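S.K.: would you be able to build a 3D model of this:
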Amino acid sequence: MALATAIALSLVSGAVVARDTKPQEKKEALYPNATRTEPKLDLKSEKDQKAINEGLDAANNGEKDKALQILQPLADGSATSSKYAQALALQGIANLKYNDGDVKGAITTLKQALDIGVMPNDTYFQLKYMYTQFLVADEQYAQALQSLQEWRNEGKKETADSYGLEGNIDYRLEKYPEAIAAITKAKSMPDAKPQGSWDQILAASYAETGQGDKAAELAAAELAKNPNDPTALNNAASALIQAQKYPDAIKLMEQGRAAGAFKDEKQYVNLAKVYLIDGQEHGDRQEANASKAAAVLDDGMAKGVVKPSAEVYKLQGDAALTGGNEAAALAAYQKAAPLAKDGEITLSVARLQLAKNQYAAAEKSATDAISKGVQHKGQAYMVRAEAKRGQKNKQGAIADMKLAAQDPETSAKANAWLKTAGTGK
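M.R.: Modelled structure (predicted):
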């Protein structure tokens, strides 16, 4: 999955939901069609009412120690005989835990409050929805989907946000057609206030189901509404790339770069990569695209946005090599090699040095690459063997070719070489 966007937990940003402990004027029910039987409240003690109100007020005001001092005895059941007071105290503590980053503890505590089963429907279903959001925050997506379905089935309520949340969950469960249906439903609801994350999920789900054109269409429309939004630009470009519409992606990204919308290194790096990919697919513009890729990286580095790194230098080397400039490629790879975690780039250095008949340098680079670690050891031994042969070190070359022959990937070539050299079996 390419998407990492989560729907905001709007009900759990620090506010405690349930607080009403006193009879008030009749309000319009939030869940008038709920199938759950409304329980009778057992909160009769004024002392309990006062304690609950003080504890929840303290929790809402960020006074954690005071809130826990009041709410914990109620939650334990040691300071009240009222199940309703106990449930309210538990949900207050659940919020405190969530705000402290203890999401798992918040889930457990809030479930205890819900399971007591004494809350009025409006409070119960609000907290059930919050519980679902807690599960999403803890990446328990299957459980979250079940909880959301229970909320909708029992509460008999449909909202745009709930379908947006469902789409988010479906996407993370890799249920892409269901995610598309849920987000589409969310956007069609009368109370819809579309969020950027909805379109991101929808576009990503289209891409995952092979509907790249729809993903690109959606992302382009979002960009048209927010032309100066770098996130919208990135999403639109990503959708076009996933749809393999590389010229369109390049055009869009270049417009963004010209407008000053490129704010981070990734944008420059991605544009350079798309130039190279497009060039590989269309040989007639391979050299021109390689030059443009290099220019993009140079621009980013000149502006201080693109920082020196193994990835950036390697990309510069790839662009130079694709454009036929081996000297520039070698210089870039030599800058990248010391910064790399393994020896792959150093092996690229060795290959170019070998091609330029720099045999001693190629031997050293190949040795360094092997020491640092390469994925294809047989290839590295073959490069070093050729470098040794170029230095008239026949025995050294044979020794390396024998090592290459032990690698299934290079065994056939190495044995053919050894046979020609008169040492094969």
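S.K.: surely residue 368 touches residue 346?
M.R.: Yes - with contact defined as CB atoms under 8 Å, residue 368 reaches residue 346; the gap is 5.1 Å. Where C-beta positions appear, they are placed from N, C-alpha and C, glycine not excepted.
S.K.: so who does residue 304 touch?
M.R.: Contact analysis of residue 304 by CB atoms under 8 Å, 6 or more residues apart in numbering lists nothing.
S.K.: mutual contacts of residue 368 and residue 346, please.
M.R.: Contact with both residue 368 and residue 346 is made by residues residue 337, according to CB under 8 Å, 6+ apart.
S.K.: burial measure for the closest residue to residue 394 other than its chain neighbours, as a count.
M.R.: Among residues not flanking residue 394 along the chain, residue 421 sits closest, at 7.4 Å (CB to CB, 6 or more residues apart in numbering). When neighbours are defined as other CB atoms under 10 Å, residue 421 has 14 of them.
S.K.: again with residue 357
M.R.: Residue 357 has 10 neighbouring residues, counting by other CB under 10 Å.
S.K.: can you check the pLDDT for the residue nearest to it when sequence neighbours are not counted?
M.R.: Counting by CB to CB, 6+ apart, residue 357 lies nearest to residue 390, which is 6.6 Å off, once chain neighbours are set aside. pLDDT for residue 390: 96.
S.K.: then residue 425?
M.R.: Residue 425 is given a pLDDT of 50.
S.K.: residue 368 and residue 346: which is more packed in?
M.R.: The residue with more neighbours, out of residue 368 and residue 346, is residue 346; 27 against 17, by other CB under 10 Å.
S.K.: packing partners for whichever strand or helix holds the more buried one?
M.R.: Using DSSP states H and E, residue 346 maps to helix 344-355. Packing contacts for helix 344-355, counted by 3 or more CB pairs under 8 Å, 6 or more residues apart in numbering; DSSP states H and E, involve helix 310-322, helix 326-336, helix 359-372, helix 377-390.
S.K.: which parts of the strand or helix carrying residue 170 are buried?
M.R.: Residue 170 belongs to helix 160-172 when assigned by DSSP H and E. For helix 160-172, the neighbour count (16 or more other CB atoms under 10 Å) marks 160-172 as buried.
S.K.: ditto for stretch 225-232
M.R.: residue 232.
S.K.: I'd like the average pLDDT over that stretch.
M.R.: Here the average pLDDT along stretch 225-232 is 75.
S.K.: let's have the chain start at 882 instead
M.R.: That works, and once the first residue is 882, the last one we named lands at stretch 1106-1113.
S.K.: returning to what we had before: now render the helices and strands packed on helix 1225-1236 as CSV, adding distance to residue 1162.
M.R.: Supplementary listing: the helices and strands packed on helix 1225-1236 in CSV, determined by distance: least, CB to CB, whole Å:
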stretch, distance to residue 1162
helix 1191-1203, 12
helix 1207-1217, 21
helix 1240-1253, 30
helix 1258-1271, 26
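S.K.: among these, which is nearest residue 920?
M.R.: Between residue 920 and those, the tightest spacing by CB to CB is seen for helix 1191-1203, at 59.8 Å.
S.K.: hey, C-alpha coordinates of that closest one in PDB?
M.R.: Extracted in PDB, the C-alpha atoms of helix 1191-1203 (Å, rounded to 0.1, in the frame of the first residue of the first chain):
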ATOM      1  CA  ALA A1191      24.200   8.100  -1.500                       C
ATOM      2  CA  GLU A1192      20.800   8.000  -3.200                       C
ATOM      3  CA  VAL A1193      21.200  11.400  -4.800                       C
ATOM      4  CA  TYR A1194      24.700  10.900  -6.000                       C
ATOM      5  CA  LYS A1195      23.800   7.400  -7.300                       C
ATOM      6  CA  LEU A1196      20.800   9.000  -9.200                       C
ATOM      7  CA  GLN A1197      23.200  11.600 -10.700                       C
ATOM      8  CA  GLY A1198      25.500   8.700 -11.800                       C
ATOM      9  CA  ASP A1199      22.600   6.800 -13.300                       C
ATOM     10  CA  ALA A1200      21.500   9.900 -15.200                       C
ATOM     11  CA  ALA A1201      25.000  10.500 -16.500                       C
ATOM     12  CA  LEU A1202      25.500   6.800 -17.500                       C
ATOM     13  CA  THR A1203      22.100   6.800 -19.200                       C
END
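S.K.: quick one: residue 1214 and residue 1234, what's the gap?
M.R.: Using CB to CB, to the nearest Å, we find residue 1214 at a distance of 10 Å from residue 1234.
S.K.: between these two, who's got more neighbours?
M.R.: residue 1214 (28 against 23).
S.K.: I'd say the more buried one and residue 1200 touch.
M.R.: No - under the contact definition of CB under 8 Å, residue 1214 does not touch residue 1200, with a separation of 11.5 Å.
S.K.: so where's this protein uncertain?
M.R.: For the chain, applying pLDDT under 70 flags the ranges 882-907, 1303-1306.
S.K.: repeat that for 50
M.R.: For the chain, the stretches with pLDDT under 50 are 882-898, 903-906.
S.K.: would you mind giving the domain segments of it?
M.R.: For the chain, the structural domains run 921-1037, 1221-1305, going by the TED database.
S.K.: distance to residue 1173 added to the ones you listed, as CSV?
M.R.: Shown next, in CSV, are those (distance: least, CB to CB, whole Å):
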stretch, distance to residue 1173
domain 921-1037, 41
domain 1221-1305, 22
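S.K.: what's next to stretch 1234-1249, contact-wise?
M.R.: With CB under 8 Å, 6+ apart, stretch 1234-1249 has contacts from 1207, 1211, 1218, 1224, 1227-1228, 1230-1232, 1261-1262, 1264-1265, 1267-1269, 1271-1272.
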